[in-house]
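Enquirer: sequence first, predicted coordinates after that:
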Amino acid sequence: MRALLTNTYESEFVSTQMEKPTPKKGEVLVKIHASGVNPIDNKIRLGLSPYASPVLPAVLGTDLAGVIEAIGEGVTEFKVGDEVYGLAGGVLGLQGTLAEYTAVDADLLAIKPKNLSMKEAAGVPLVLLTAWEGLIDRARVQKGDKVLVHAGAGGVGHMVVQLAKNLGAEVYATVSEQKADFVKSFGATPIDKNTPVEDYVNQYTDGEGFDVIYDTLGGQSFDDSLKAIRHYGQIASCYAFGTHTLATSSLRSASIHGVFVLHPMIGNERRKHHGDILKQTTKLIEEGKLKPIIDPRKFTLDNAMEAHKAVSDGSSVGKIVVDIV
């Protein structure tokens, strides 16, 4: 099979012929049709995510959509020919998805939504799972909650907005002025990202604070969340990697939840939970309740490096996906 190999951090991908893997017990062999690209993929390539980086040389790439070509021992949930998607590799010892084939733990996969193309489906797993873990598993958002999403037009953010709306929440999203209509289209109230925290807390919550806040940016955004949460509220963050003083939220008795969506792959625990979430996601997508936004540009294995650059240069509109087939 053809695969893109990363030999050293910060280097260009090297197109390589490798032996097609054979699925072990509990695995399936997937012919990859599309590989989703996320900011974490680029950080791994640059050596900026030591907690997730594989031993080089390695094939990178985390998301996939494709077709099952072989079934390993003990797998009963899938059959040859099934179209599947999932957050499936590219960290530590797991082969990534910038390749024509991969052997994947079947627990990480689910049947692809019938109304999505392979390219669209490959853009879903990491951002959706990150959104779901923070909003539903941890913050346990309820109908009627006032939910604030920082960077609501981003990859994770636009999934959080849609999930919260589906659960009956009243959703607000910080965005740049040019992306206000984007979050409005998903039913959220846009808040200019440069608006002072006290101003939007007063305007939209009568000074009480939001019930649930999902921070996707970290840094100042996380600090703002500590000030914008109501008493006994819930904050989830997928980027709280900095140094923060929690006094503000502690005095409000707020709960803070860290989300590290790669852990099931790295730690080999709760992998089936990811597959189960994606099953529910398939249903939501097929019912028209959830929609991924995919960047329209065409990327393939021949220009995958450009796809990696596009996730961090601010040029993307929606998820970046590399077409393998």
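Expert: Noted; the coordinates are in hand.
Enquirer: of all residues in this structure, which one is nearest the centre?
Expert: V127 (1.7 Å; Cα atoms, centre = their mean).
Enquirer: part of a helix, is it?
Expert: Yes: with DSSP: H, G, I helix; E, B strand; the rest coil as the criterion, V127 is located in a helix.
Enquirer: so it versus G90, what's the distance?
Expert: 15 Å (Cβ to Cβ, to the nearest Å). For the C-beta atoms, the positions are set from N, CA and C on the backbone; glycine is no exception.
Enquirer: thinking again about what came up before, contacts only, for the residue nearest to the centre of the chain.
Expert: V127 sits next to 38, 155-156, 158-159, 292, 319 when contact means Cβ atoms under 8 Å, 6 or more residues apart in numbering.
Enquirer: which ones among those lie within helices?
Expert: 155-156, 158-159 (DSSP state H).
Enquirer: for the protein, which helix is longest?
Expert: As assigned by DSSP H, the longest helix anywhere in the chain is helix 271-286.
Enquirer: what helices and strands are in contact with that helix?
Expert: Packing partners of helix 271-286 (3 or more Cβ pairs under 8 Å, 6 or more residues apart in numbering; DSSP states H and E): strand 83-87, strand 109-111, helix 125-132, helix 263-267.
Enquirer: now the weakest link among these, please, by mean pLDDT.
Expert: When the helices and strands packed on helix 271-286 are compared on mean pLDDT, helix 263-267 scores lowest, with a mean of 95.
Enquirer: derive a PyMOL selection command for the buried subset of the ones in helices among the contacts of V127.
Expert: Selecting the buried subset of these in PyMOL, with 16 or more other Cβ atoms under 10 Å as the burial test, is done by:
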select buried, resi 155+156+158+159
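Enquirer: can you redo the ones in helices among the contacts of V127 as JSON lines with pLDDT and distance to S15?
Expert: Output for those, formatted as JSON lines (pLDDT from 0 to 100; distance: Cβ to Cβ, whole Å):
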{"residue": "G155", "pLDDT": "92", "distance to S15": "27"}
{"residue": "V156", "pLDDT": "95", "distance to S15": "31"}
{"residue": "H158", "pLDDT": "95", "distance to S15": "33"}
{"residue": "M159", "pLDDT": "97", "distance to S15": "32"}
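Enquirer: G314: which of the ones in helices among the contacts of V127 is nearest?
Expert: G155 (12.7 Å; Cβ to Cβ).
Enquirer: ok, now which ones touch that closest one?
Expert: 38-39, 126-127, 318-319.
Enquirer: gap between it and T130?
Expert: For G155, the distance to T130 - Cβ to Cβ - is 8 Å.
Enquirer: now T205, what are its backbone angles?
Expert: Dihedral angles of T205 (phi, psi; degrees, to the nearest 10) stand at phi -130, psi 10.
Enquirer: tally of neighbours for the closest residue to N38 other than its chain neighbours?
Expert: Of all residues not flanking N38 in the chain, L126 sits nearest, at 5.0 Å (Cβ to Cβ, 6 or more residues apart in numbering). Look at L126: counted by other Cβ atoms under 10 Å, it has 27 neighbours.
Enquirer: which residues sit in contact with L126?
Expert: 36, 38, 40, 62-63, 87, 155, 261.
Enquirer: same question for A121.
Expert: 34, 65, 83, 85, 112-113, 292.
Enquirer: ok so it is a helix residue?
Expert: Yes: looking at A121 with three-state DSSP, it is inside a helix.
Enquirer: okay, it and A310: tell me how far apart.
Expert: From A121 to A310 the distance is 19 Å (Cβ to Cβ).
Enquirer: before we move on, what about W132?
Expert: 25 Å.
Enquirer: more crowded one of the two?
Expert: Between W132 and A310, W132 has the larger neighbour count (other Cβ under 10 Å), namely 22 against 17.
Enquirer: how many neighbouring residues does P196 have?
Expert: Neighbours of P196 using other Cβ under 10 Å come to 9.
Enquirer: nearest residue to T130 other than its sequence neighbours?
Expert: V261 (4.4 Å).
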